[in-house]
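**Student:** give the three-dimensional model of this entry:
(chains A, B, C and D)
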There are 2 protein chains.
Amino acid sequence: MNRAAIPADPPPARHAQAIAQGLDLLQRHVPLRRRLLHAGDALYRSGQAFEHLYVLNSGLVKLVRLAADGREQVVGLQFRGDWLGLDGIAKERYGCDAVALDTGEVWVLRYDDLLRACTRTPELLKLLHEAKSREIGRERDAMMSLATLPADARVAEFLRGWADALATRGLRTDQITLRMTRAEIGNHLGMTLETVSRALSKLERGAVIRFEEKGRRDIRIPCVEALGRFVQRSLGAQRPAAPRALPRPPAAAYALSA
Amino acid sequence: MNRAAIPADPPPARHAQAIAQGLDLLQRHVPLRRRLLHAGDALYRSGQAFEHLYVLNSGLVKLVRLAADGREQVVGLQFRGDWLGLDGIAKERYGCDAVALDTGEVWVLRYDDLLRACTRTPELLKLLHEAKSREIGRERDAMMSLATLPADARVAEFLRGWADALATRGLRTDQITLRMTRAEIGNHLGMTLETVSRALSKLERGAVIRFEEKGRRDIRIPCVEALGRFVQRSLGAQRPAAPRALPRPPAAAYALSA
DNA sequence: CGCAAAGTTGAGCGTCCTCAAGCAGCGTGG
DNA sequence: CCACGCTGCTTGAGGACGCTCAACTTTGCG
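**Tutor:** Numbers count the residues shown, from 1 in each chain, chains lettered A, B, ... in the order given. Next up, the predicted model:
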């Protein structure tokens, strides 16, 4: 039926409340340790034995995956309310480094404690399931960005995603302080630092963003929608319509019901 | 400590048994419906209300994500034992299309049935958690491939991943039947169909793969390790050492314990 | 004040995309 | 049976996007 019409995400900033409630639920039902983070601190490292899950209460954490051959990539950024270490459950070893990019606080909980608490408090289990599900979805968006967007648009999309993350948490979205170097951003987005720099300059020339004076890491976003429009424009320039689309199957074989 | 030394994955084909056991556990404790799949059948569509989870018993399914602007991408392939629909839990709507690429059988289970069963049979819950965790890890590998490898190597890595998936399921890995067109592969890997074709030709010239006569979709892989070596070589050609590495922080701030 | 790290910008080049032509497999119908 | 058309695949030529290399500026810190 309504294929393209993906329903809009839930209300604007009711999310923020949901996150606060989730955190509250956690702290009331699961034994946890609070740990203060400073930029550069590692929560855990790739290959380390999995034992704890982490929930970020404040601050910003990057996830860095490293391959056996030495390649490494920033595969994700985590904000308040996000869970860390979920990828360690399957193999009983973490699959990434988790490194703080800013001061903050993380809640450390033993995985078995959490599971125990879940049996008593089913809402907790729901919280955990949703966190994982969300992570999967987010990663797929990142993949799609890498696979289908030109460099400029990828940077714009990255900023839009960051702004969204802030909005979801009830914070102002007209100003972002990037706590990463151009090299880190480039690594995350699959491009070089020079390309990131040029893309940002181009966004500035197009009045989509503005640099706050002093330091090129504070970015002002007058209008978040303009970022989305910039992405659209890059897409439209490539092809008249339906960029890189797959040939759609005959739309048959719905067979939704029994 | 042992940073780069990520421990090798569990024994060779004990995995196959683990998958079979998982499926058995499922079928014994969760009410499920079996559904036969034919190539082109859609299990579910993006935006549809989430209600069921699916576990693939045989066959091959692709996950296609579609963005609001019409872009779409094959974000994953699922084999026997894999779970489908996990991304629907958070938003209560599926985030992808799941389309069969081959004949097969999928087990359909109501999510709430599963959760109920989990309270009685904790191993089931463990199974579910692991499936999600594995999915997260797999997606990050895909991201890294997109972000850090040149086109040729991406294709090689794709084949290696496919062979791995077969090996994990106790199947022979010296022969792969690609059930996708070059366009689909290219879409998945973020390149055009022509580039896929050229990459495959190059792999053939390098004797890393061979085409089975009749149809260019059956690929023979004399030696899986050769694929990995091909990736390494593409990497080495780019830079003398440490391709696209991040500047590693002072390695301080371990603070593992209390 | 001076050095190191981060960022910007330009010039040249390589990888990959675009466009185009040709071929192979396959089902349909005369 | 073969002509026909259709879809999928391969290969080549040319061009564009993004990478490499390099010079320079700015910021931050001892």
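**Student:** relative to helix B:122-148, how tilted is the longest helix seen in chain A?
**Tutor:** Counting residues, the longest helix found in chain A (DSSP state H) is helix A:122-148. Following axes from the mean of the first three to the mean of the last three Cα atoms, to 10 degrees, one obtains 20 degrees for the angle between helix A:122-148 and helix B:122-148.
**Student:** any part of helix A:122-148 near DNA strand D?
**Tutor:** No - Helix A:122-148 is not in contact with DNA strand D by Cβ under 7 Å from any atom of the strand; minimum separation 10.7 Å. Where C-beta positions appear, they are placed from N, C-alpha and C, glycine not excepted.
**Student:** what are the buried residues along that helix?
**Tutor:** Within helix A:122-148, the residues scored as buried using 16 or more other Cβ atoms under 10 Å in any protein chain shown are A:124-125, A:127-148.
**Student:** average pLDDT for the helix or strand following that helix, rounded please.
**Tutor:** Once helix A:122-148 ends, the next helix or strand along the chain (criterion: DSSP states H and E) is helix A:151-168. For helix A:151-168, mean pLDDT rounds to 98.
**Student:** and stretch A:231-245, by the same measure?
**Tutor:** 65.
**Student:** what's the answer for stretch A:181-189, then?
**Tutor:** When pLDDT is averaged along stretch A:181-189, the result is 98.
**Student:** do the helix or strand containing residue A:106 and chain B meet?
**Tutor:** In the assignment (DSSP H and E), residue A:106 maps to strand A:104-110. No - contact of strand A:104-110 with chain B (Cβ under 8 Å from any Cβ of the partner chain) is absent, the minimum separation being 9.6 Å.
**Student:** pLDDT at the residue nearest to residue A:48 when sequence neighbours are not counted, what is it?
**Tutor:** Counting by Cβ to Cβ, 6 or more residues apart in numbering or on different chains, residue A:94 is the residue found nearest to residue A:48 once chain neighbours are left out, at 5.2 Å. What the model reports for residue A:94 is a pLDDT of 98.
**Student:** can stretch A:14-31 be found next to chain B?
**Tutor:** No - using Cβ under 8 Å from any Cβ, stretch A:14-31 never reaches chain B; the gap is at least 11.0 Å.
**Student:** could you do stretch A:70-90 as well?
**Tutor:** Yes - using Cβ under 8 Å from any Cβ, stretch A:70-90 reaches chain B at A:70, A:71, A:72, A:73, A:74, A:75, A:76, A:86, A:87, A:88, A:89, A:90.
**Student:** for the fifth one, phi and psi?
**Tutor:** What that stands for is residue A:74. Torsion angles at residue A:74 (phi, psi; degrees, to the nearest 10) stand at phi -80, psi 110.
**Student:** got a list of what the residue nearest to it when sequence neighbours are not counted touches?
**Tutor:** Closest residue to residue A:74 apart from its sequence neighbours, by Cβ to Cβ, 6+ apart: residue A:188 at 3.9 Å. Residue A:188 makes contact with A:62, A:73, A:74, A:75, A:77, A:158, A:180, B:147, according to Cβ atoms under 8 Å, 6 or more residues apart in numbering or on different chains.
**Student:** any idea how far residue A:188 lies from residue A:75?
**Tutor:** Residue A:188 is 8 Å from residue A:75, where distance means Cβ to Cβ, to the nearest Å.
**Student:** can you check residue A:91 too?
**Tutor:** Remark: distance between residue A:91 and residue A:75 (Cβ to Cβ) = 16 Å.
**Student:** so which of those two has more stuff around it?
**Tutor:** residue A:75 (25 against 18; other Cβ atoms under 10 Å in any protein chain shown).
**Student:** could you list which residues are in contact with the more buried one?
**Tutor:** Each residue near residue A:75 by Cβ under 8 Å, 6+ apart is listed here: A:63, A:64, A:65, A:96, A:139, A:142, A:188, B:140, B:143, B:144.
**Student:** tell me the bridge partners for the second one.
**Tutor:** The partner list for residue A:64 in beta bridges (DSSP bridges) reads residue A:74, residue A:97.
**Student:** and the closest residue to residue A:42 other than its chain neighbours, what pLDDT?
**Tutor:** Closest residue in space to residue A:42, ignoring its immediate chain neighbours: residue A:99 at 5.2 Å, by Cβ to Cβ, 6+ apart. Residue A:99 is assigned 98 on the pLDDT scale.
**Student:** which element is residue A:99 on?
**Tutor:** Assigned by DSSP H and E, residue A:99 belongs to strand A:97-100.
**Student:** number of residues surrounding residue A:120?
**Tutor:** Residue A:120 is flanked by 9 other residues according to other Cβ under 10 Å.
**Student:** isn't it up against residue A:25?
**Tutor:** No - applying Cβ atoms under 8 Å as the test, residue A:120 and residue A:25 come out as separate, 11.9 Å apart.
**Student:** mind checking the SS state of the most centrally placed residue in chain A?
**Tutor:** The residue lying closest to the centre of chain A (Cα atoms, centre = their mean) is residue A:77, at 4.9 Å. With DSSP: H, G, I helix; E, B strand; the rest coil as the basis, the three-state label of residue A:77 is strand.
**Student:** show me what contacts it?
**Tutor:** Residues in contact with residue A:77 (Cβ under 8 Å, 6+ apart) are A:60, A:61, A:62, A:63, A:101, A:162, A:165, A:188.
**Student:** next one: residue A:89
**Tutor:** A:50, A:111, B:129, B:130, B:132, B:133.
**Student:** kindly tell me how buried the second one is, as a neighbour count.
**Tutor:** Other residues near residue A:111 number 17, with proximity taken as other Cβ under 10 Å.
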